[in-house]
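Chemist: Show me the folded form of this:
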Amino acid sequence: MLNRQLKDSLELAVMQFFNWGICTISWRAVAQANIMAAIITDTTLATLTFFLFKKIADQQKDHLFIPWLGYTIGGVLGTISGIYTSLWWFGK
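Modeler: Numbers count the residues shown, from 1 in each chain. Here you go, the predicted model:
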C-alpha cells in the first residue's frame, strides 16, 4: 500500500511541477500580450489539468496524505521553475 502511495505521490508531484511551471509561464505570456505563447501554454495547461484531476479522482479516499504531499511539493517547485523559465523565455 505504501509503495502505491509513494508512486502516486511522485506522479502527482511531476504532474504538478509541469502544471504550475506552465501556468506561471502562461501568466507571463498573458501579461506581455504574447498571444502565441499564451495559446501554447494554455492548451498544454488544460490538457495537463484534465489528466491531473482524473488522477486525483482515482485516489483512495482513506490514503491521501502522501499523494497530497507530492501534489503540494510539485506545485511549489513548478512555480519556481516557471518563474525562471519565463525569465529565460521572455526576458526581464
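Chemist: Can you give me the buried ones in the longest helix along the chain?
Modeler: Scanning the chain for the longest helix, with DSSP state H as the assignment, gives helix 2-31. For helix 2-31, burial by neighbour count (16 or more other C-beta atoms under 10 Å) applies to 5, 8-9, 11-13, 15-26, 28-29. In this view, the C-beta of every residue, glycine as well, is placed from N, C-alpha and C.
Chemist: Centre-most residue in this protein?
Modeler: Within the chain, the residue whose C-alpha comes closest to the C-alpha centroid is Asn19; the distance, by C-alpha atoms, centre = their mean, is 2.0 Å.
Chemist: check contacts around it.
Modeler: With contacts defined as C-beta atoms under 8 Å, 6 or more residues apart in numbering, the neighbours of Asn19 are 45, 48-49, 52, 74-75, 78.
Chemist: Of those residues, grab the buried ones for PyMOL.
Modeler: Written as a PyMOL command, the selection of buried residues from those, which uses 16+ other C-beta under 10 Å, is:
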select buried, resi 45+48+52+74+75+78
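Chemist: Need the worst-confidence member of the contacts of Asn19.
Modeler: Among the contacts of Asn19, Leu52 carries the weakest pLDDT, at 85.
Chemist: Next secondary structure after the longest helix of the chain?
Modeler: If you walk from helix 2-31 toward the C-terminus, the next helix or strand you reach (DSSP states H and E) is helix 35-57.
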